[in-house]
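[1] turn this into a structure:
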Amino acid sequence: MLRRNDGFFLSEMLLSLAAFLMGSAILLPIAIHVINQTVESEKKATASICYMTN
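    Below is the predicted model:
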């Protein structure tokens, strides 16, 4: 099977690597932003609960 690839293996590998890098370049900052929003929301919820109990 590898002998009949007609030279497309390298180009397909580079194309998939480029697609993976572009996808991760878009999704990673979004994931970091969502995680930061979650942490800030938990801090606000904890602060409001502590404020109400005092």
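
[2] centroid-nearest residue for this structure?
    For the chain, the residue nearest the mean C-alpha position is Leu28 (3.1 Å; Cα atoms, centre = their mean).

[3] which stretches of the chain form helices?
    Per DSSP state H, the chain carries helices over the ranges 8-53.

[4] low-confidence stretches in it?
    In the predicted model of the chain, residues 1-7, 51-52, 54 satisfy pLDDT under 70.

[5] how about a cut-off of 90?
    The chain contains residues with pLDDT under 90 at 1-11, 45-54.

[6] centre of the chain to stretch 27-39, how far?
    Distance of stretch 27-39 from the chain centroid (Cα atoms, centre = their mean, to the nearest Å) equals 8 Å.

[7] likewise for stretch 19-38?
    Relative to the chain's own centre, stretch 19-38 is displaced by 3 Å; criterion: Cα atoms, centre = their mean.

[8] what does stretch 10-27 give?
    Computed by Cα atoms, centre = their mean, the chain-centroid distance of stretch 10-27 equals 14 Å.

[9] likewise stretch 41-51?
    Computed by Cα atoms, centre = their mean, the chain-centroid distance of stretch 41-51 equals 27 Å.

[10] can you show me the CA trace of it as CSV?
    Below are the C-alpha coordinates for stretch 41-51, written out as CSV (Å, rounded to 0.1, in the frame of the first residue of the first chain):
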residue,chain,number,x,y,z
SER,A,41,-17.2,33.9,37.9
GLU,A,42,-16.4,31.4,40.7
LYS,A,43,-14.5,34.2,42.6
LYS,A,44,-17.5,36.6,42.3
ALA,A,45,-19.9,33.9,43.5
THR,A,46,-17.7,33.0,46.4
ALA,A,47,-17.3,36.7,47.3
SER,A,48,-21.0,37.4,47.2
ILE,A,49,-21.7,34.3,49.4
CYS,A,50,-19.1,35.4,51.9
TYR,A,51,-20.5,39.0,51.9
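
[11] fine by me, we can end here.
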